[in-house]
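Asker: structure for the following, please:
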Amino acid sequence: FTELATMPPKPQASKEAKAKAAMAGGKGKKKKWSKGKMKEKVNNLVLFDQGTYDKMLVEVPKYKMVTASILCDRLRLGGALARKALTILV
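Answerer: The predicted model follows:
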């Protein structure tokens, strides 16, 4: 009882035995469905701040084409605010 019980070391498996064990394993874990690509959330303005409003009045008339989508992208406006901006500019 004075000696601690220790387990003997595992015998080293040969390459053939390792290969056979790997082939017998099957598929292993079942493949999980991916969660899909998540679109990055953009933080667009809901109300004009003074800087954005001034920028809109100066820069937007110089654009070749003006749509609500372009205003959303370039000025970081929400869709409803971009539509209001178009009515202000017209």
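
Asker: pull up the gap between L57 and G51, please.
Answerer: 11 Å (Cβ to Cβ, to the nearest Å). Placement of C-beta: from N, CA and C, glycine included.

Asker: cool, K62 as well?
Answerer: Counting by Cβ to Cβ, the gap from K62 to G51 is 17 Å.

Asker: now name the helix or strand holding the residue most central in space within the chain.
Answerer: Central residue of the chain (Cα atoms, centre = their mean): M38, 4.6 Å from the mean position. Taking DSSP states H and E as the definition, M38 sits outside all helices and strands.

Asker: for it, give me its contacts.
Answerer: By Cβ atoms under 8 Å, 6 or more residues apart in numbering, the contact set of M38 is empty.

Asker: verify the stated contact: Y63 with I70.
Answerer: Yes: in this structure Y63 lies within contact range of I70 using Cβ atoms under 8 Å: 6.8 Å.

Asker: of those two, who's got more company?
Answerer: I70 (14 against 11; other Cβ atoms under 10 Å).
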